[in-house]
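Student: sequence plus predicted model, see below.
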Amino acid sequence: MDRHGNVRPNRLRDGAVDRVVMRAAQELSMDPAAMGGHSLCAGGIPSLAKDGLTLPDIQLPSGHESLGPLTIYVRLERSLEDCPLLRLAAYR
C-alpha cells in the first residue's frame, strides 16, 4: 500500500517499513529511533508462535525464505518452575 492508500502488487522498497513504523511511534509519543521494521519481527513472530502457529504458518506472511533465520525470533517462554533442569535439581 502506498502513502495514498492504494494497494500495490509489489513489495515495499527498502526502508519503507522502517519509516512507517517510526512515524507511527512518533505519533504515539514513543522514541522513533528505538523502533523500526525489525520491531515488527522481533515482537510479532514470537507472539504468533506463542499463540500456536507453526513456523511454516509464520514463514509465509513474514517473507522469510527459509525456517532457519525465522527460528531466531521464536523464543520459548518458560517460567523457572517449568524448567526441566530445575526439576532435575530437586532430585539431588
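Tutor: Noted; the coordinates are in hand.

Student: now do Ile45: how many residues are near it, please.
Tutor: The burial count assigned to Ile45 is 23, neighbours taken as other CB atoms under 10 Å. Heads up, the C-betas are built off the backbone N, CA and C, glycines and all.

Student: what's the closest residue to it other than its chain neighbours in contact with, if anything?
Tutor: In space, not counting the residues next to it along the chain, Ile45 is nearest to Tyr73; the distance is 3.8 Å by CB to CB, 6 or more residues apart in numbering. Applying CB atoms under 8 Å, 6 or more residues apart in numbering to Tyr73 gives the contacts Cys41, Ala42, Ile45, Pro46.

Student: and the pLDDT at the residue nearest the centre of the chain?
Tutor: Taking CA atoms, centre = their mean as the criterion, Cys41 is the residue nearest the geometric centre of the chain, at 2.3 Å. Per-residue confidence for Cys41 comes out at a pLDDT of 80.

Student: quick check: closest non-adjacent residue to it.
Tutor: Closest residue to Cys41 apart from its sequence neighbours, by CB to CB, 6+ apart: Tyr73 at 5.6 Å.

Student: make JSON lines from the contacts of Tyr73 and add secondary structure and distance to Pro32 to it.
Tutor: Conversion of those to JSON lines gives the following (DSSP: H, G, I helix; E, B strand; the rest coil; distance: CB to CB, whole Å):
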{"residue": "Cys41", "secondary structure": "helix", "distance to Pro32": "17"}
{"residue": "Ala42", "secondary structure": "helix", "distance to Pro32": "16"}
{"residue": "Ile45", "secondary structure": "helix", "distance to Pro32": "22"}
{"residue": "Pro46", "secondary structure": "helix", "distance to Pro32": "22"}
